[in-house]
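Q: everything below, folded, please.
(chains A and B)
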Amino acid sequence: MVGGGGGVGSGLLENANPLIYERSGERPVTAGEEDEQVPDSIDAREIFDLIRSINDPEHPLTLEELNVVEQVRVQVSDPESTVAVAFTPTIPHCSMATLIGLSIKVKLLRSLPQRFKMDVHITPGTHASEHAVNKQLADKERVAAALENTHLLEVVNQCLSARS
Amino acid sequence: MRLQARGKEGEATFKLDVIHSGKDFWGEGVGKYWKQKCDSWICKSVLSEGHQRTVRKVAWSPCGNYLASASFDATTCIWKKNQDDFECVTTLEGHENEVKSVAWAPSGNLLATCSRDKSVWVWEVDEEDEYECVSVLNSHTQDVKHVVWHPSQELLASASYDDTVKLYREEEDDWVCCATLEGHESTVWSLAFDPSGQRLASCSDDRTVRIWRQYPPDNEQGVACSGSDPSWKCICTLSGFHSRTIYDVAWCQLTGALATACGDDAIRVFEEDPSSDPQQPTFSLTAHLPQAHSQDVNCVAWNPKEQGLLASCSDDGEVAFWKYQRPEGI
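A: Here you go, the predicted structure:
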């Protein structure tokens, strides 16, 4: 149901020489954000800040460093309570795609207010099984059942943990 | 009226089933049994022993004495009701992974279950409460989300992640798939027969509700049939009303009103225009409750005895009751 749980950190890497991207700097704080009276609305940068440091399951790098997630591919509407994140697997046959998508989804589910509707999908045209992966990620029952699997949950939590 | 049915922190309520008397209901996910006492509901029982994982669906038997609970732990428990107490009389095993739905046939002698293992199982129960699997149906190519029985015939319908609806009937000593309904463009989440059983409503991740009609062989409309099995045709599609996945559809057996539960937190009710052609009916949206809940609405159920009484449940952990009145001039 969910691809690749076994290949983490062992054996032959699928993509041994990934392109590594520079991290964007810290977000500058604006005057509006400093003002306690003005409520902060959630924007693309905030969502990106939540997902940029998610670890790739295979490489000792973050999704930002691998350009799997980019701020420009995050769409948010706070008034409508919607978030859409498109992620780009490093290679078109990446078997970790579902796991990466699931990690992004879990991070958002754990961090955002419950009113938000979250859509996590593969950047169109970048993966051989994008329809199948997108369909699984969009099915909340499948996601809930997958996360009841302790081994898978552990792998996801490892992707979400801060690197020392 | 709203009920906080949430047990543990963050547990969603997936499904409800209203007992035939209309006076009790079971809200699961949390596994709680509620009984109506005057105008408020009192939780009478919590069954925490039966399953090891999420309880996905519950169903009362037609006689009201039994409750079946389908779980992600791959089993289905049958509970016998004794006033406010429930005793697990048997556990049905066999599915390879999460059981998604369970339904009793109106006769009370048959039960159907379905699972992510792509199969639908038909079980027979005898007078001694013995359950036997009489058929394993492997027609779907993906996860099966929902099963429902026809109100008067021994006909079973199933809805799947493979975007189709399938129908099954008994043939000799086995069950066979007698029709496949194609048309939805994504997962079909739920199904409901109309009071007569001539029509079936399906709802989907493609944000539409489709109405299908049964045409027996030698029908007046000239719809072709193969052999002795009726054909099913999609006679109406309700699109443009729902902005996200539709998780449930319920067809009121008293009034014919159709209610939907949607991932956009809203509940909607549709009614058929009385002057429309039965072969090409039109349905109008007669009620729209945006923010019926603060999160996805997962299930809606009409009270079988009291007109216009609708129950709904949501990811927000609440169960809500609504009074619907058909607008004037419909």
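Q: what's the burial count for the residue of chain A found nearest chain B?
A: Scanning chain A for the residue nearest chain B gives residue A:145, at 5.2 Å (criterion: Cβ to the nearest Cβ). (C-beta placed from N, C-alpha, C; glycine too.) Residues lying near residue A:145 (other Cβ atoms under 10 Å in any protein chain shown) number 21.
Q: go on, residue A:86?
A: Residue A:86 sits with 18 neighbouring residues when counted by other Cβ under 10 Å.
Q: who does it form a beta bridge with?
A: Beta-bridge partners for residue A:86, by DSSP bridges, are residue A:121.
Q: that one touches residue A:119, doesn't it?
A: No - between residue A:86 and residue A:119 there is no contact under Cβ atoms under 8 Å: 9.0 Å.
Q: contact residues of chain A facing chain B?
A: Residues of chain A lying near chain B by Cβ under 8 Å from any Cβ of the partner chain: A:1, A:114-115, A:117, A:135, A:138-142, A:144-145, A:148.
Q: show me which of the residues you listed are buried.
A: When these are checked for burial by 16 or more other Cβ atoms under 10 Å in any protein chain shown, the buried set is A:117, A:135, A:138-142, A:144-145.
Q: now, the most widely separated pair of the residues of chain A next to chain B?
A: Across the residues of chain A next to chain B, the longest distance by Cβ to Cβ is 28.4 Å; it joins A:1 and A:115.
Q: run a quick neighbour tally on the nearest residue to residue A:116 once chain neighbours are set aside.
A: Residue nearest to residue A:116 in three dimensions, not counting chain neighbours: residue A:81, with 4.9 Å by Cβ to Cβ, 6 or more residues apart in numbering or on different chains. Using other Cβ under 10 Å, residue A:81 has 16 neighbouring residues.
Q: can you pull the contacts of residue A:81?
A: Contacts for residue A:81 (Cβ atoms under 8 Å, 6 or more residues apart in numbering or on different chains) come out as A:113, A:115-117.
Q: and those residues, which is closest to residue B:314?
A: So of these, ranked by how close each gets to residue B:314 (Cβ to Cβ), first place is residue A:115, at 12.1 Å.
Q: now that closest one: how far from residue B:264?
A: Residue A:115 sits 12 Å away from residue B:264, going by Cβ to Cβ, to the nearest Å.
Q: just residue B:78 next, same as before
A: Distance check for residue B:78 against residue B:264: by Cβ to Cβ, it reads 35 Å.
Q: in a helix, residue A:46, correct?
A: Yes - counting by DSSP: H, G, I helix; E, B strand; the rest coil, residue A:46 is located in a helix.
Q: contacting residues around it?
A: Taking Cβ under 8 Å, 6+ apart, we find residue A:46 in contact with residue A:76.
Q: hmm, 10 Å instead?
A: Contact analysis of residue A:46 by Cβ atoms under 10 Å, 6 or more residues apart in numbering or on different chains lists A:27, A:40, A:74, A:76, A:78, A:83, A:111-112.
Q: next SSE downstream of whichever helix or strand residue B:268 is part of?
A: Secondary structure assignment for residue B:268, by DSSP states H and E: strand B:267-272. The element immediately downstream of strand B:267-272 (helix or strand, assigned by DSSP H and E) is strand B:283-289.
Q: ok, and what's touching that following strand?
A: Against strand B:283-289 from outside (Cβ under 10 Å, 6+ apart): B:201, B:209, B:211, B:236-238, B:240-241, B:257-260, B:265-273, B:276, B:297, B:310, B:312, B:320, B:322, B:324-327, B:330.
Q: common neighbours of residue A:86 and residue A:119, please.
A: A:75, A:134.
Q: isn't there a helix covering residue A:100?
A: Yes - the assignment for residue A:100 (three-state DSSP) places it in a helix.
Q: is it in contact with residue A:68, as I believe?
A: Yes - counting by Cβ atoms under 10 Å, residue A:100 does reach residue A:68; the two are 6.4 Å apart.
Q: please identify every residue contacting each of those two.
A: Listed as contacting both residue A:100 and residue A:68 by Cβ under 10 Å, 6+ apart are A:54, A:56, A:87-90, A:94.
Q: dump those residues into CSV; add secondary structure and pLDDT as well.
A: Formatted as CSV, the shared contacts of residue A:100 and residue A:68 follow (DSSP: H, G, I helix; E, B strand; the rest coil; pLDDT from 0 to 100):
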residue, secondary structure, pLDDT
A:54, coil, 97
A:56, coil, 95
A:87, strand, 98
A:88, coil, 97
A:89, coil, 96
A:90, coil, 94
A:94, coil, 91
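Q: relative to residue A:157, which of those is nearest.
A: Looking across those and measuring by Cβ to Cβ, the closest to residue A:157 is residue A:54, at 11.0 Å.
Q: residue contacts, the nearest residue to residue A:61 once chain neighbours are set aside?
A: Excluding its sequence neighbours, the residue lying closest to residue A:61 (Cβ to Cβ, 6+ apart) is residue A:20, at 6.4 Å. The contact partners of residue A:20, by Cβ under 10 Å, 6+ apart, come to A:59, A:61-62, A:65-67.
Q: one more: residue A:119?
A: When contacts are taken as Cβ under 10 Å, 6+ apart, residue A:119 is in contact with A:75, A:82-86, A:105, A:108, A:134, A:137-138, B:244.
Q: repeat that with 8 Å
A: Neighbour list for residue A:119: A:82-85, A:138 [criterion: Cβ under 8 Å, 6+ apart].
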